[in-house]
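J.: How does the following fold in three dimensions:
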Amino acid sequence: MRISSKIRLIIIIASFAALNSCTPNNPYRSEEKHENTLYSTFDEVPKHMDPARSYSENEYAIIAQIYEPPLEYHYLKRPYELIPLTLTKLPEPAYYDKAGKRLGSNATPEAVARAEYDLIIKKGLMYQDHPALAKNADSTPVYANIKASELRGINGPDDFKLKATRELTADDYIYAVMRLADPKIGSPIAPILSQYILGFDEFSASVGKEIKAIREERKKAAGATYNRTEDEKKNPIRIDYSKHEFKGLKKTGTHSFKIILKRKYPQFSYWLAMPFFAPMPKEADVFYNQPALADKNITLDRFPIGTGPYFMKTLNPRKEIVLEKNPHYSNGFYPTEGEAGDKEAGLLKDAGKPLPLVSKIVMKLEIEAIPRWNKFLQGYYDLSGITSDSFDAAVAFGGKGVVEPSDEMKKKGIALVTLVKPSSYFHIFNMNDKTVGGYSEEKKKLRRAISIALDQEEFIEIFTNGRGVAAMTPIPPKIFGYEEGSAGINPLTHEWDATLQRPKRKSLDEAKRLLKEAGYPDGRDKTGRPLTITFDNAWTGAESAQHINWYIKQFAKLGISLVNRTTDGNRFQEKMTNGDFQFAFWGWNADYPDPENFMFLLYGPNGKVKFKGENGANYSSAEFDRLFKIMENMDNSGERLEIIRRMNEIAREDAPWAFGYHPVSFTLKHGWAGNYKPNAMANNEMKYYGLDALERAKMRDAWNRPVVWPVIAVLLLLVISALPAIMAVKKKFGAQAKRN
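T.: Below is the predicted model of the structure:
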């Protein structure tokens, strides 16, 4: 009996399919199995990795592992505590009055005319190896005036043959601050720093004047053919900062310098912990400012250079980003103390060990949530967030509503870590709008009625799986000025439930009463027409329709018609900037743990339309603004708390916001991933993470055992299919042997 060629082909294909089913979905090479590597993901391509320009969470997740600003946050302690990173000690500001007389540390903001911060840098801190630092015997850079022909096979700094390191000095920090003031770079925090750093505006104007003069000279020489973009791409403008005076920066030694502020600003120390103030060697700026490199997209915006624990080994934004340990790093040890419970949680078992604990970080691009979740369950990622789709499988609610990992997660040794983030989500009314804006009693009551009807507790349960805390003020938990319990509720929208010991939203009847007093009984105006309010947003995702419909229903409870106006992100930002909206959803993540960083969102001179600031509601209250100016530069004290309470009362009464919620993050971690304690202020936390690579390899093997039965089945099929042929051949040869 012959097996047809068609049947043979089917069997061969089935064999390959069966063999393929035996292979686990392992995204890594087998030789990496026992490496001390942290595996993580990213879902958005970073746009800016130049610390002077970067200002987003996904970018900080990368550059904060590479750059080192002067200060950092203690990894374990709460409340958040600043500690030296590259400095020998925390800088204590020295205050002086207009006559130059030294004032005490408790000087009032009104008395301070100058605040000086002396920053002393640790010696022996080294940069990563980088071609920008490679020098010839005469100290000139090896890679200067690079031609395109010299870049064959080079896609990043690590591909250059010659690389070198050098010590961190005060010049690098001074140069970095000067870059923040350079108008050509366009740092997003330049407008803020110009309010505080002495000479910032003057230096920026002087540099801008030189840039303008160079452009005019080039335009005159080129005539009608001049194209500024193309001209500066081929011949970038290089500014010698040393020719321009910057009064607020003083070099006091090779490893020390001074930053001088125009007034008292205690929050300035927090800025010194942000990547904006990371050092920048001038050699790197010059190196990257070469046209041939720019043509290959080898720029500072893509390839950082720092003194931090890691350097960028691989950048493939459409696939993966790989960070490796900086071999020259020797700046820091794992904390030897934390807060109560840290030792019991195993967060101090690596106390005193040199950092970083992990040798390599591999970040894989994962745009879709389901593949990422499945790979986490297979052990191919060490940590994972929780989406709405995976929430029920990941989380369970124990006694008294305690959140814990599900039984499935517990069987895998997966732990759940939660954190109330220092963030506020809220709804803004355009105070310049003739319908929802204004400061009359009727307008206030309209906004308060809507604030009651917007059931944020329901929103949190439906759309965040309970991962949120209803907001009562702009200030989130764990920030000075936030108050727990009955003292912290908004009495205009909530009342305290003494039995359940939690706030309870006021009734819809109360909201309808306020709406009637505002001139809109049952949601209708004097002519009987229904009140219509527009809702602007940039919600274009898969779940957006559900969110928008929820808002429409909340307004409908009052008889108000909410008209949705969804646009793309750029158009939405344009509407906010121009004040072309009535009602919108807004949010803010803390730059630093201070109430000023949230209360300034309601400060009149920060109005978005008039001043291009972050006050999206365009709210303006003379009394609130007066109190803000007193509060913003105060040290934390009982007096400061009383001022914050009064500011909250004003904001609640005027209701430019309908308070939303403070999000709670849920993170799952495998048992082999150690030292994970979320720190919402620290961005450089990966150097503290620990791993048991052998345990991870063991569990991966256990969870991803090859499925061999399909192969066995196919082999049996082949044998059974071949038996008739074998018997026929045997019979044929047997008969022939008998004849012989």
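J.: Restricting to C-alpha, output the longest strand along the chain in CSV.
T.: The longest strand of the chain (DSSP state E) is strand 657-669. Only the C-alpha atoms of strand 657-669 are listed here, as CSV (Å, rounded to 0.1, in the frame of the first residue of the first chain):
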residue,chain,number,x,y,z
TRP,A,657,-13.5,72.6,39.8
ALA,A,658,-15.7,69.6,40.4
PHE,A,659,-13.2,67.5,42.4
GLY,A,660,-12.5,64.1,40.9
TYR,A,661,-10.2,61.6,42.5
HIS,A,662,-6.7,60.6,43.4
PRO,A,663,-5.7,57.4,41.6
VAL,A,664,-4.4,54.3,43.3
SER,A,665,-1.8,52.2,41.4
PHE,A,666,-1.9,48.4,41.6
THR,A,667,1.3,46.6,40.7
LEU,A,668,1.9,42.8,40.7
LYS,A,669,5.4,41.4,41.3
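J.: who does it pair up with?
T.: Using DSSP bridges, the strands paired with strand 657-669 are strand 383-385 (antiparallel), strand 415-420 (antiparallel), strand 423-429 (antiparallel), strand 468-470 (antiparallel).
J.: Please enumerate the strands of the stretch 201-350 of the chain.
T.: According to DSSP state E, counting those that start in this stretch, the stretch 201-350 of the chain carries its strands in the segments 249-253, 256-261, 310-316, 320-325.
J.: export those strands to a markdown table and tack on mean neighbour count?
T.: For every residue, glycine as well, the C-beta is placed using N, CA and C. As requested, the strands of the stretch 201-350 of the chain are exported to a markdown table (neighbours: other CB atoms under 10 Å):
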| stretch | mean neighbour count |
| --- | --- |
| strand 249-253 | 15 |
| strand 256-261 | 21 |
| strand 310-316 | 20 |
| strand 320-325 | 20 |
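J.: Tabulate those strands in TSV, adding columns for distance to residue 435 and mean pLDDT.
T.: As requested, those are arranged in TSV below (distance: least, CB to CB, whole Å; pLDDT from 0 to 100):
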stretch	distance to residue 435	mean pLDDT
strand 249-253	49	98
strand 256-261	43	98
strand 310-316	50	95
strand 320-325	48	96
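J.: for the ones you listed, which one sits closest to residue 474?
T.: Closest to residue 474 of the strands of the stretch 201-350 of the chain is strand 256-261 (CB to CB; 25.2 Å).
J.: what does the model give the residue nearest to residue 317 when sequence neighbours are not counted for pLDDT?
T.: Using CB to CB, 6 or more residues apart in numbering and skipping residues adjacent in sequence, the residue nearest residue 317 is residue 45, 4.4 Å away. pLDDT for residue 45: 84.
J.: and residue 45, which of the three is it?
T.: coil (DSSP: H, G, I helix; E, B strand; the rest coil).
J.: Phi first, then psi, for it.
T.: Phi and psi for residue 45, reported as degrees, to the nearest 10, are phi -70, psi 120.
J.: Hmm, it is touching residue 318, no?
T.: Yes. Under the criterion of CB atoms under 8 Å, residue 45 makes contact with residue 318 at 7.5 Å.
J.: neighbour count winner among these two?
T.: residue 45 (11 against 6; other CB atoms under 10 Å).
J.: most tightly surrounded among the strands paired with strand 657-669?
T.: Mean neighbour count, computed with mean count of other CB atoms under 10 Å, is highest for strand 423-429 among these, reaching a mean of 23.
J.: Quick one: mean pLDDT for that strand?
T.: Mean predicted lDDT for strand 423-429 stands at 97.
J.: Sticking with residue 34, tell me its helix or strand.
T.: Per DSSP states H and E: residue 34 is located in neither a helix nor a strand.
J.: Test for you: state the pLDDT assigned to it.
T.: Looking at residue 34, its pLDDT reads 90.
J.: Tell me how many other residues crowd it.
T.: The burial count for residue 34: 10, using other CB under 10 Å.
J.: Same check on the one 5 residues further on?
T.: Residue 39: 22 surrounding residues under other CB under 10 Å.
J.: Quickly note the distance from it to residue 282.
T.: 36 Å (CB to CB, to the nearest Å).
J.: how close does residue 280 sit to residue 287?
T.: Residue 280 sits 11 Å away from residue 287, going by CB to CB.
J.: rewinding a little: redo the strands of the stretch 201-350 of the chain as TSV? Include distance to residue 220.
T.: Conversion of the strands of the stretch 201-350 of the chain to TSV gives the following (distance: least, CB to CB, whole Å):
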stretch	distance to residue 220
strand 249-253	34
strand 256-261	39
strand 310-316	40
strand 320-325	44
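J.: What segments of the stretch 601-740 of the chain are strands?
T.: 657-669, 673-674, 690-691.
J.: which outside residues touch the second one?
T.: Spelled out, it's strand 673-674. With contact meaning CB atoms under 8 Å, 6 or more residues apart in numbering, strand 673-674 is reached by 38, 346, 349-350, 382-383, 689-692.
J.: Could you report the neighbour count for the residue nearest to residue 131 when sequence neighbours are not counted?
T.: Counting by CB to CB, 6+ apart, residue 160 is the residue found nearest to residue 131 once chain neighbours are left out, at 3.8 Å. For residue 160, the count of nearby residues is 20 (other CB under 10 Å).
J.: same thing with the one 3 residues further on?
T.: For residue 163, the count of nearby residues is 17 (other CB under 10 Å).
J.: hang on, isn't it packed against residue 131?
T.: Yes. Look at residue 163 against residue 131 with CB under 8 Å: they come within range, at 5.2 Å.
J.: Would you mind listing the residues touching both of those two?
T.: The contact lists of residue 163 and residue 131 share residue 157, where a contact means CB under 8 Å, 6+ apart.
J.: Could you double-check that residue 266 sits in contact with residue 631?
T.: No. Contact criterion CB under 8 Å: residue 266 and residue 631 do not qualify, at 11.2 Å.
J.: quick one: which of those two has more around it?
T.: The residue with more neighbours, out of residue 266 and residue 631, is residue 631; 22 against 16, by other CB under 10 Å.
J.: Contacts only, for the more buried one.
T.: Taking CB under 8 Å, 6+ apart as the criterion, residue 631 is in contact with 595-596, 599, 640, 643-644, 647.
J.: helices and strands of the protein: which one bottoms out on pLDDT?
T.: Lowest by mean pLDDT, DSSP states H and E among the helices and strands of the chain is helix 5-21, with a mean of 50.
J.: what lines up beside the helix or strand following that helix in the sheet?
T.: Remark: after helix 5-21, the chain's next helix or strand is strand 37-42, criterion DSSP H and E. When sheet partners are counted by DSSP bridges, strand 37-42 sits next to strand 360-365 (parallel).
J.: And the contacts of the strand it pairs with?
T.: If you take CB under 8 Å, 6+ apart as the criterion, strand 360-365 is touched by 27-28, 35-43, 45, 62, 65, 310, 313, 317-325, 381, 686.
J.: Give me the angle between it and strand 320-325.
T.: 170 degrees (axes from the mean of the first three to the mean of the last three CA atoms, to 10 degrees).
J.: now strand 360-365 against strand 310-316, angle please.
T.: Strand 360-365 runs at 30 degrees relative to strand 310-316, counting by the same axes, to 10 degrees.
J.: which stretches of the stretch 451-600 of the chain form helices?
T.: With DSSP state H, counting those that start in this stretch as the criterion, the stretch 451-600 of the chain has helices at 456-463, 508-517, 544-556, 569-578, 596-599.
J.: Quick one, which of those helices gets closest to residue 388.
T.: helix 456-463 (7.7 Å).
J.: Now that closest one: buried residues?
T.: Buried residues in helix 456-463, defined by neighbour count with 16 or more other CB atoms under 10 Å: 456-457, 459-460.
J.: Could you do stretch 479-487 as well?
T.: Of the residues in stretch 479-487, 479-483 count as buried by neighbour count, 16+ other CB under 10 Å.
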